[in-house]
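Trainee: Model the following, please.
(chains A and B)
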Amino acid sequence: MIMKKIFFFLTLISVVSVGTAQTPTPAKPQEKAIALIGGVAHLGNGQVIANSIVAFDKGKLTIVADATTARADLSGYEQINVQGKHIYPGFILPNSQIGLAEVSSIRAMNDATERGDLNPNVRALISYNTDSEYGPTFRYNGVLLAETTPTGGLISGSSSLMEMDGWNWEDAVHTADNALHLNWPPQIRRQFDFNTFTVNDAPNRDYDKQVMALHQLMADAQAYAQQAQRETNLKLEAVQPLFSGQRVLMVHADEPKEIVEAVRFGQKFGVKKITVVGGYGAPGVAQFLKENNIPVILASTHNLPNRADEDIDTPYKLPYLLQQAGVQVSLSQDGALHGARNLGFFAGTAVAYGVDKEEALKMITSNTAKALGVEARVGTLEAGKDATLFVSQGDALDYRSNSLTHAFIRGKAITLRNHQNELYERYAKKYGQMK
Amino acid sequence: MLMIKRILTLTLVLSLAGLAAWAQETFPRNDVKDSRAGLYAFTNATLVVDPQTTLTNATLLIKGERIEQVGANLAVPKGYTVIDCKGKFIYPSLIDIYTSYGLPEVERPRGGGFNRTEQIEPRNKGPYNANQAIRAHYNAADEFTVNAKAAEEWRKLGFGTVLTFKADGLARGTAAAVALTEQTENKNIIKARASAHYSFNKGSSTQDYPSSMMGYVAVLRQTYLDAEWFGAQNPRPFTDQSLEAWIQNQKLPQIFDAANWMGVLRADKIADEFGVRYIIKGGGDEYKRINDIKATGASFIVPVDFPEAYDVEDPYDAARTSLQDMKHWELAPTNLAALEKAGITFAITANGLKKVSDFMPNVRKAMENGLSEAAALKALTTTPAQMLQIDGQVGSLKKGMLASFLVTSGKIFDDKTIIHQNWIIGQPFALKSVDLRNFSGQYDLSVNNQNYKLEVSGEAGSHKAKVKVNDSTTVDATATFGNNLITLSFKPQKNSSNSVRLSGWSDDKGFKGKGQLADGAWINWSATRTGDLTAKGPDKKDAAPKKDEPGKVLYPFMAHGTTALPAVETLLIKNATVWTNEQEGILQNTDVLLKDGKIARIGKNLSEPGAKVVDGTGKHLTAGIIDEHSHIGALSINDVATNSGMVRIGDNIDAEDINIYQALGGGVVAVQVLHGSANPIGGQSGLIKLRWGETPENYKIAGADGFIKFALGENVKRSSNPQSIRYPQTRMGVEQVYVDAFTSAREYEKKWAAYNALPAAQKTAAAKPRRDLAEEAILEILNKKRFISCHSYVQSEINMLMKVAEQFNFRVNTFTHILEGYKVADKMKQHGVAASSFSDWWNYKWEVRYAIPYNAAILHNAGVVTAINSDDAEMGRRLNQEAAKSVKYGGMSEEDALKMVTLNPAKMLHLDGQMGSIKVGKSADVVLWSDHPLSVYAKAEKTIIDGKVYFDIEVDRQRNREIEVERARLVQKMIGVKKGGAPTQRPEPRQRVNFHCDDVLGVEHTEED
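Mentor: Numbers count the residues shown, from 1 in each chain, chains lettered A, B, ... in the order given. I've put the predicted structure just below:
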């Protein structure tokens, strides 16, 4: 029955079809104040309001309150009844190549990796393509913000948090250059052996050299800041915001020892904000991470264990294991970009393997905002924050009930249409499956 | 006597190496003639004639290269040099029949990879086989060159004869049995073409095909067929020196390098098909499946290259070492005992040892683990000789055989035994003098009138010395004892670095000589023997060490394996929500009885005596998940010939793929292991049930129809490789490949029909057509005995293949991936093809730009039988979730969505008569879910196949704990070994690769498909 309803709804929104297989026109700024009445509000901070008022104006949340007790003046608000539906802060996708890589097998469509090992000065948002066809498909499932992130080398460059709507990168950017991405060199490298058709682990012979290069960059950057007379150095300039805390140092590391080395490296140079990305082996050093207050952004948890000996559910259990150990966890997606629209379901899986539902929601909203250093504006439904949120027919973490009726980015009512539902309608109509 | 002993000193022996009596008559001479009779008598020996026969007080007479007489109390005729072997043992020299001694190194095989120009044809000089990996024409004897240094290494270990071959190619040509002397190659070769060799390794071949394990099997099978066809024709249709040699080589012992237990079973299948008997070189892991190994009936050549312990002191680093490797470290030394116990005939080889000097210690290690002395000796003497049919020449000590034997101080495998001499085809090689004097005892040592006590301990040849300076102080001395001379130095004062350095000679009473003190003064010294060493109590080390019980063999032999395979259970699942996939739909509060491997009853309030009751309250029972498109459970998935119809996934099922167990954990019961998408015509599928722990053959679904992979589009035109020259390069060419293949297959059929229709008399005279495994696979498609699952993306090519099939009067069975199927859903319905799609993948390459997650729903609504597949081990264990996406995208009913991963794939694989729904009489292949099966919150709690519980969430939890415990035990054991001084290795584990369609031999691609 529920399913039929959802189907019905889908056909409803299809009536307001854009008409061509293009990325939808960006939304206009919020024109009038809106109040969502009666929905189950999941605030993203662990709290739920079963019967809520969520109101916003000029792109900012103005009221987030319990409808059964609160007295709110809603005059001037367009009221939308969302009774029985669920309201969530927009999901935030960290560590993504959204806007940088489109059809990944085509070289010309890849803008994520600059040549060279040390690229602190390159900035992802410069390549960011607002016409990427991925964005609208992300929004369809509730992913409204994404960190566009360069890849490759030891230091890939800086990422920016983007809104999944906008005319151009200046328009779409939420927070420019929020983090600098460091790929901590692995101590062990995997290589393919043609004699046995297996992958084997071999020591990374360049490890010491690579670590030395990183140390030198940071030390030189610190010295550079002290130099009265200096020739401008773009790379050393780009490192400076790490020392002031303006930029997060995202250390990409998976093995326990590498995580410790990478964090200690950042701390040694007085980096104010450090986040671990990847984190497969983080449960092994959870105490270290907790004591040093280091959040972890896990790579895709819809994954296989790294090793045959491990519990087959290891990737599914990572969020629970870390959260239990007191580490702040976020979820992300790696691999082919099309899969990132399933971010909410990664949180669903975390629930299946022990995490409380609202805690799991934090892992794709407020925790992520904190890990990216953007928590002042997004990540929760709280008055004063951006009105970046959506309404779902049901539980947005489960396949069965994730079905959006409304989505807003800074109060802008955005369409949930994309070229995929247009193609669907075109052919469903062709075969008489849809009128 | 004295004179004879002197002959045995090393210097003299070396001069014997060029004895004229042995010299080859035809060779030029560069000296005066030095012809000797070569008559030797070895008397008073314990003579081991062969592993069953030992003579005491025996005499061995040799003349030149051969043995003249062997027996107890033989009279020694005049003219013989007599060697008194009292207290000594004589053994046949050892034989290793798996070496590359005296042959050049094999060129390293090139790396694989996509991005290079293909080599379609062989690059041989000369009229050789169409496949470069068939090197049957190679003869090791042609290249064999005596290698004095290597020969000495072998001789030191006691070897006298080795078989040498070049480990290059699938067919490696012939090996030579050679003696290990330093004479000419002409004299050393005992048998020039002693055996023919085969493997699952293409070696130095640069030709693209075959590039997978299943391709190796296909090439070997085709070559057997080709040789039969070629050999039956006179005159030959063309010259092929490889086939010619292959035919000749069939008369020789056939030795197959199988690498590991799965390879053994694979080689055995080929042996059965072509009626050959292989002597199989195993991997030393036969213990893992000893019963299956025994059932092959083959004899074996087995290595003793036991792995070193891993360095596991750091827990983080230790995590990288797999339980599989750790357990193999512990159990590898038990392998030979397991073979002996099972009554399997085996020879032992030093092959694979990093240090050849580890050979004897490792054989002893095997003996400590239960291998008997007789079996060890047999495996190094008579068995290898018999395998090569040279047991009339070497391997035992009988009249007329080659004089290749060892003179030892004791039993050959005893760790204190010294090999004094190794005689090889009548040539003596002294290793340690036979008459070493034993100086052990107590002495009064007098140095420049200072008195000390000297104690000499140990065996002759390995003495140690200590000097007692006073009653409370004993110091170690450095001493060297020759039979006549002694060197001794020691520090009279413990805390001083001043040494007294002595040199001298032995006499009846002890030693005498001159020496220098620390200040350089020359002095006289003597040591007078006063008596034997006082006997010590039993050495604590020798007291029977408490042997800890090694761990058990697991099936499969890795983490998550079991000690016992699951049995069929009678299970009564009570009060569950049952998704029947039948007209009954979803039944609430229903019981299902599983009995004798079948679904026996469905109803309310069922009871069954003796049944194990499972409470299904709040749980959901569904048919097991079936994945139409999977690449788990195979060693390789892609070969590279444009038409690879001859390769079969079923030839390389990997029973040790952890992905199988992980899939069970996701409720998967069966998968079609498809060939990859590198070619328009791929290989034949393997349909398997996930019977974790079974052998590769037992994974297969008995009686299942044959399927084959076709592929269209970017992969088959090699779009990702700008260097590619392989036909086809366009979708136009792809169509022509098919039209050509089907046309050719019809011709092939006609040719055979014509031949088969000939009257018997004419048939024998007529040339039999050549059997072609690729043509046969295509012909099966035309004759509706094999069914196509075709990788496809864009509408034009989907349409094309349907038209080609219609032209040849058959139907495509399934389009797999079929991401633009929604654009031609009506045509597909009309053709009658099924669709097996991804749920929501798109844009990872150009041809999937217009893939939409609504594809499955549109196809389903158009009446096409539709499934959701994985092509990916990760997604393959969440197929229930992938099916759920069609409810979200396209509004499919939940019941229909679940059918897309159960009943519908069963239909596509023609298995719906026995699987895919919960219906009385069908196979008990079901899953019990903790929650609604389309929910992200659902977990498979039990996955049942054939009525056997292959996955149970509780057992899994327990097993995780057991893995921890077993790992910890082995870690402790390894640390113990490391502390005991044994070498260890870094944990550098090997893992298999998770394959996708695009992978050629594990070359992983970033694109998923």
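Trainee: neighbours of whatever residue of chain B ends up closest to chain A, just the number please.
Mentor: Among the residues of chain B, residue B:891 lies closest to chain A, at 3.0 Å counting by C-beta to the nearest C-beta. From N, CA and C alone the C-beta is placed, and that goes for glycine too. Burial of residue B:891 is recorded as 23 neighbouring residues (other C-beta atoms under 10 Å in any protein chain shown).
Trainee: which residues touch whichever residue of the stretch 201-350 of chain A sits closest to chain B?
Mentor: The minimum distance from the stretch 201-350 of chain A to chain B, using C-beta to the nearest C-beta, falls at residue A:348 (3.4 Å). Residues near residue A:348 by C-beta atoms under 8 Å, 6 or more residues apart in numbering or on different chains: A:360, A:395, A:397, A:398, A:399, B:936, B:937.
Trainee: one step back: so the residue of chain B closest to chain A sits right up against residue B:857, yeah?
Mentor: Yes. Taking contacts as C-beta atoms under 8 Å, residue B:891 lies within contact range of residue B:857: 6.7 Å.
Trainee: and residue A:344, what is it in contact with?
Mentor: Counted by C-beta under 8 Å, 6+ apart, residue A:344 has contacts A:91, A:141, A:142, A:143, A:364, A:396, A:397, A:402.
Trainee: hmm, try it at 6 Å
Mentor: A:91, A:141, A:142, A:396, A:397, A:402 (C-beta atoms under 6 Å, 6 or more residues apart in numbering or on different chains).
Trainee: for residue B:511, same thing?
Mentor: B:486, B:504, B:527.
Trainee: now do 7 Å
Mentor: Counting by C-beta atoms under 7 Å, 6 or more residues apart in numbering or on different chains, residue B:511 touches B:486, B:504, B:505, B:526, B:527.
Trainee: on that earlier part again, considering only the contacts of residue A:344, which also neighbour chain B?
Mentor: Intersecting the contacts of residue A:344 with the contacts of chain B gives A:397, A:402 (criterion: C-beta under 7 Å from any C-beta of the partner chain).
Trainee: Which members of the contacts of residue A:344 are positioned in strands?
Mentor: Among those, the residues falling in strands (DSSP state E) are residue A:91.
Trainee: quick one: which of the contacts of residue A:344 is most hemmed in?
Mentor: Tallying neighbours with other C-beta under 10 Å puts residue A:91 at the head of the contacts of residue A:344, with 31 neighbours.
Trainee: I'd say that residue and residue A:143 touch.
Mentor: Yes. When contacts are counted by C-beta atoms under 7 Å, residue A:91 is listed as touching residue A:143 (4.6 Å).
Trainee: Please pick the buried ones from the contacts of residue A:348.
Mentor: Buried subset of the contacts of residue A:348 (neighbour count, 16 or more other C-beta atoms under 10 Å in any protein chain shown): A:360, A:395, A:397, A:398, A:399, B:936, B:937.
Trainee: Could you work out the most separated pair of those?
Mentor: A:360 and A:399 (14.7 Å; C-beta to C-beta).
Trainee: give me every residue that touches residue B:290.
Mentor: Contacts of residue B:290 by C-beta under 7 Å, 6+ apart are B:338, B:342.
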